[in-house]
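Colleague: what's the 3D shape of this:
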Amino acid sequence: MSKNLVIVESPTKAKTITKFLGSDFDIQSSFGHVRDLPASKMGVDIEKNFEPQYVVPTRARKNVNALKTKAAKAACVYFATDEDREGEAISWHLAEILQLPKDKTKRIAFHEITKEAIDNALKNPRAIDLNLVNAQQARRILDRLVGYELSPFLWKKLYKGLSAGRVQSVAVRLIVEREREIQAFKAEEFWTIEALFSKDGQNFTAALYKVDGKKLEKLEIKNKELADKILKALENNKFKVVSVEIKDKKRNPYPPFTTSTLQQAANNVLGFSAKQTMLLAQQLYETGYITYMRTDSFNLADKFLNEAGDFIKQEFGADYAERKVYKSKQKGAQEAHEAIRPTEANNTPEKIQDKLDAKQLKLYDLIWRRAIASQMKSAIISQTSADINNENDKFTFRATGSQIKFLGWLKVLPDKATENLLPNLHNNDLLETKEIKSNQHFTEPPPRYTEASLVKAMEEKGIGRPSTYAPTISTIIERKYIEKEERKLKPTEIGMLVNDLLVKHFEKIVDYAFTAKMEEDLDEVAEGKKEWQPLIAEFYKPFKKNLMQKETEISKQDFIKETTDEKCDKCGKDMVVKMGRYGKFLACSGFPECRNIKSLRKEGELDDSQKIDEKCPECGSALQMKRGRFGKFIGCSNYPTCKYIKKEKKGTGITCPLCNKGEIVAKRSRRGKTFYACDQYPNCKNAYWSKPTGEKCPNCQSLLVMGAKETVQCSNKECGYKVK
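Modeller: Numbers count the residues shown, from 1 in each chain. The predicted model follows:
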């Protein structure tokens, strides 16, 4: 008797599904896409209404042939790929390749890999949704047209090897514009006045809030002179409480995760990149622990809502459970029917920890807690606000305190809600003044994007969709347009140069509103409201016309000054400015006979630090400053004959608290990530992923390190100490 053939994308998914289906089914993997546009040419026939010319990649041919053989013998073929545009396209490509009668093929879809979900899908097969397929084809062809047409243009005008992408270029623009805001920022000085009061032996702080009944603006105390004048006026004053307000405030739980919010939280809380987060989420999905991870919906299945409610009542009591329904504010949220959640509410992280590796468990724990917390009652926090006046009522200080009256969802998902208890204050209470001081501050520039904040910005502007955030960020880093500096995204010189060219000459390609409108148009294709070929034609014709015009208008000299007054110190010929993967550099005009190169300062001036008065300890040649993948380094000028690289110790001045001998120094991992470790390695293996401050935790005496969002936190994860 012939078996039913079920085809999924990955071997892991196939292995998990096998556990739920009987011997009547043969589950096989397509190993991702089985057809794609060719790698060696554009593969789009523009004259024939943008007809794609799909090919089976070499890597997929053996597996495709095996699937053809199995499909020919099968009683029925089920396409069980993911229910999004990519998954629908894979099913369509499989159907096109296998060429089976329609009554022999069925499309099934599910959002979690559980027996109940799979059995339900088998009972309710459907046809392949060609609208979803066309939306995927349209995106793929649009991106191919931009890449294959615009990349060679960049090669000619800047340097060979560059590439441009429709969504990637907009993401680069966001980062470049933020960097220019930072560069243009001018810090402003301002001061604050803080008092330390005491009542019944309990000290508490209060900040100067009003002067003559008028609320102080942030920058109102502009300098030390003004601050000192206020301090002088407050000398020997008596202070009393003039008003106390106590009110309860609800803190509502967060909704369950979508793709975007999961990437943001995993980056902020766990330090995972968007790419790493999606890889781990894919593994959790394919092994049956979470629902599908590419979604922009907040919806949760009734089955899970019931399970979560029962679990919360059993574990924490009925007072903690509250069934909640969340609605997405994201325009066009339709990629999947559910938020990201555990497949079973009772699968606590502790229950399945032996089945997951450390990183999978961390991400699962985050997902499980967020989903369970979303079905719990709001936390209730009592907030106290006390105004304190000096003796002539000219100056008003304000003290604020908070106390958690009911934990609610914070019982499962601890957040930043911390208690700050004030003494029991009443009107007309006289206070003891311990200290009044002024503090100097400076306004700070906007922060560089992290992967989390970039994903949030892209989502807010409608750039990309859940499936595109991670590959977009990964691509612009791999192309060296962006680099990471202490987890922050910083544009490289070449990234800024490419961005400036595109903004000036291909405005629509990097226009936020235009890119968001294109996403909306693709959504309408997915909904069957628009045809995909006219959409591409509407974009391509003006794009191509502009490209041909710019081919003649723009020259390389518009972006790079070719000649300099510098002479080559090896052969005497003129040095010229060239562009490489790491930005501009000086090269000998006698290339290839003379291969002498020099680095440039940011302003295009010669970098004298390239010449180092030091000899190579291995071959005796001069050492010189060079620039590599991870920035500047000192290496032998006789490269590649001699590959000596000087190891420079980047000290922090902090003594290692573990061995009390070594110094904590900055190092790089094999993947280029900066970390901090004892210089006595391997005798001492003490290390930190974040930069230590040199101070010790007041709770456990471990070193404090720099945290996310301008925080300082304890390096001992079990401690949990964190301050702004």
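Colleague: How about residue 533: what's its closest non-neighbour residue?
Modeller: In space, and not counting its chain neighbours, residue 533 is closest to residue 49: 4.9 Å by C-beta to C-beta, 6 or more residues apart in numbering. Bear in mind the C-beta positions are built from the backbone N, C-alpha and C, glycine included.
Colleague: Give the buried residues for the host helix or strand of residue 695.
Modeller: When elements are assigned from DSSP states H and E, residue 695 belongs to strand 692-696. In terms of neighbour count (16 or more other C-beta atoms under 10 Å), strand 692-696 has its buried residues at residue 692.
Colleague: for the stretch 351-500 of the chain, what spans make up the helices?
Modeller: Taking DSSP state H, counting those that start in this stretch, the helices of the stretch 351-500 of the chain run over residues 358-373, 451-461, 469-478, 493-505.
Colleague: Take those helices and write them to a markdown table, including distance to residue 660, mean pLDDT and mean neighbour count.
Modeller: As requested, these are arranged in a markdown table below (distance: least, C-beta to C-beta, whole Å; pLDDT from 0 to 100; neighbours: other C-beta atoms under 10 Å):
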| stretch | distance to residue 660 | mean pLDDT | mean neighbour count |
| --- | --- | --- | --- |
| helix 358-373 | 29 | 97 | 21 |
| helix 451-461 | 36 | 94 | 21 |
| helix 469-478 | 38 | 92 | 21 |
| helix 493-505 | 42 | 91 | 19 |
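Colleague: between those helices, which one is nearest to residue 675?
Modeller: Of all the helices of the stretch 351-500 of the chain, helix 358-373 sits nearest to residue 675, with 16.7 Å by C-beta to C-beta.
Colleague: Could I get the contacting residues of the closest residue to residue 108 other than its chain neighbours?
Modeller: Spatial nearest neighbour of residue 108, chain neighbours left out: residue 121 (4.0 Å); criterion: C-beta to C-beta, 6+ apart. Listed by C-beta atoms under 8 Å, 6 or more residues apart in numbering, the contact set of residue 121 reads 80, 108, 109, 110.
Colleague: Residue 121 looks like it's in a helix, true?
Modeller: Yes - Residue 121 forms part of a helix when assessed by DSSP: H, G, I helix; E, B strand; the rest coil.
Colleague: Check the spacing between it and residue 21 real quick.
Modeller: 11 Å (C-beta to C-beta, to the nearest Å).
Colleague: What of residue 246?
Modeller: 60 Å.
Colleague: Mind checking which of those two has more residues around it?
Modeller: Shown here are residue 246 and residue 21; by other C-beta atoms under 10 Å, residue 21 has more neighbours (17 against 13).
Colleague: count of neighbours near residue 379?
Modeller: Count around residue 379 with other C-beta under 10 Å applied: 22.
Colleague: so who does residue 540 touch?
Modeller: 46, 50, 145.
Colleague: got JSON lines for the residues you listed, with pLDDT too?
Modeller: Listed next are these as JSON lines, based on pLDDT from 0 to 100:
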{"residue": "46", "pLDDT": "95"}
{"residue": "50", "pLDDT": "95"}
{"residue": "145", "pLDDT": "94"}
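Colleague: Out of those residues, which sit inside helices?
Modeller: In helices, defined here by DSSP state H, the members of these are residue 145.
Colleague: picking that back up, closest one of the contacts of residue 121 to residue 518?
Modeller: residue 109 (26.2 Å).
Colleague: so that closest one, which of the three states?
Modeller: Put simply, residue 109 is coil when judged by three-state DSSP.
Colleague: For it, give its distance to residue 128.
Modeller: Going from residue 109 to residue 128 by C-beta to C-beta gives 10 Å.
Colleague: quick one, which of the two is more surrounded?
Modeller: residue 109 (22 against 19).
Colleague: Flag the shaky bits of the stretch 451-600 of the chain, pLDDT-wise.
Modeller: 557-563, 579-583, 600 (pLDDT under 70).
Colleague: at 80 what do you get?
Modeller: 555-565, 577-585, 598-600 (pLDDT under 80).
Colleague: quick one: the strands in it?
Modeller: Ranges of strands in the stretch 451-600 of the chain, per DSSP state E, counting those that start in this stretch, are 482-485, 488-491, 563-567, 574-580, 583-588, 597-599.
Colleague: And the stretch 51-200 of the chain, by the same measure?
Modeller: Going by DSSP E, counting those that start in this stretch, the stretch 51-200 of the chain shows strands at 51-52, 77-79, 105-107, 189-199.
Colleague: mind checking how far the second one is from the chain centre?
Modeller: Read that as strand 77-79. Between the centre of strand 77-79 and the centre of its host chain there is 36 Å, according to C-alpha atoms, centre = their mean, to the nearest Å.
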